[in-house]
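A.B. asks: Here is a sequence together with a model predicted from it:
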Amino acid sequence: AEERHFPPNKVYSLWPAAAVEVYTSKEVDAVNGTNLRLKCTFSSSNPISQHLSVTWNFQPEDLMTGPTQLSSVFYYLKEPYKLSAGRFKERVTWDGNIERNDVSIVIWNLQPTDNGTFTCQVKNPPDVDGTIGEVRLRVVQKVHFSEIHFLAVAIGSACVLMIIVVTVVIICRHHQKKAQEKRIKVADTELEEKEASPLED
C-alpha cells in the first residue's frame, strides 16, 4: 500500500494588535481673537519611541460634508516643525510633553475661518495604528451681555440703591433724634431757670 505523509499540524498564535489610543475633547467653543490650547493625550502598548510622530490636521467646517480636504496644522518628529505655508503659519506652537504622553498645541488669534474639525494622530513605532483624536472647534464672537446678565446687574443695582436709601434714612432719623433731644434739653433748662428766678411784685 502507498504510504502517505501528512504535513505536521500548524500551530498559530494570536497576538493582540499594537495600537495607539488618542484622547481629545469632542467639542470646544472659543472666542474670536483669543488663544486656545487644543489638548491631546495618548496611550501606547509600547515604550515611547525616538521615532514617535505627531500630526495635527484641520478640516474646515464648510468642507466637512464634501470631499476630505485636510490642511496641515502641526507636525512633530523628535522636535516641533513649523509650517512654511498655510492658514496656520506662525499661529501654532507646541505645548505638549512627550514624556507625559501629552501632544497638545496652542492656536493663536482664533478666527471665524478656524471653525471645523482638528485631528490629532500619534504614531509610536511599532504602534503605528490606532484611533485618531478629533476636536470640533466653534469660534464665537465676543460675549455680549445676555438678558440674565442685565437682570443680574439690575437686581444688584437695586440692592445697592436700597442699602444707600436705608443708610440715609437711618442717618437722618439719628440726626432728627439728636436735634429733638437738644431742643427738649434747652426747653428744660429754660424752664428750670424761669422757676428759679424770683417773682416780681
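C.D. replies: Cool, got the structure. Computed from a predicted model, the values in this text were never measured in an experiment.
A.B. asks: contacts and neighbour counts: CA atoms only from here.
C.D. replies: Noted.
A.B. asks: any low-confidence regions in the protein?
C.D. replies: Low-confidence segments of the chain, defined by pLDDT under 70, span residues 1-18, 63-68, 143-150, 195-201.
A.B. asks: Give me the domain ranges for it.
C.D. replies: The record assigns the chain these domain ranges, following the TED database: 21-140, 143-190.
A.B. asks: Please indicate which of the ones you listed has the most neighbours on average?
C.D. replies: Highest mean neighbour count among the domains of the chain (mean count of other CA atoms under 10 Å): domain 21-140, with a mean of 17.
A.B. asks: What distance separates the opening and closing residues of it?
C.D. replies: Taking CA to CA, to the nearest Å, domain 21-140 runs 30 Å from one end to the other.
A.B. asks: Likewise for stretch 79-90?
C.D. replies: This stretch, stretch 79-90, spans 16 Å end to end (CA to CA).
A.B. asks: how far out from the middle of the chain is it?
C.D. replies: Using CA atoms, centre = their mean, to the nearest Å, the distance from the centre of stretch 79-90 to the centre of the chain it belongs to is 24 Å.
A.B. asks: from here on, count from 863
C.D. replies: All set: I'll call the first residue 863, so the last point we hit is now stretch 941-952.
A.B. asks: And the contacts of it?
C.D. replies: With CA atoms under 8 Å, 6 or more residues apart in numbering as the test, stretch 941-952 has contacts from 933-937, 956.
A.B. asks: let's see it at 10 Å
C.D. replies: 914-916, 920, 933-938, 953-958, 969-970, 972, 975-976 (CA atoms under 10 Å, 6 or more residues apart in numbering).
A.B. asks: cool, stretch 919-938 as well?
C.D. replies: 913-918, 942-945, 947-951, 953-956, 965, 967, 969, 975-984, 996-1000.
A.B. asks: Can you tell me which of those residues end up in helices?
C.D. replies: Residues from these lying in helices, with DSSP state H as the criterion: none.
A.B. asks: In strands, which of the residues you listed appear?
C.D. replies: Residues of those located in strands (DSSP state E): 915-918, 942-943, 954-956, 967, 969, 978-984, 996-1000.
A.B. asks: Any idea how far apart the tips of stretch 942-959 sit?
C.D. replies: 11 Å.
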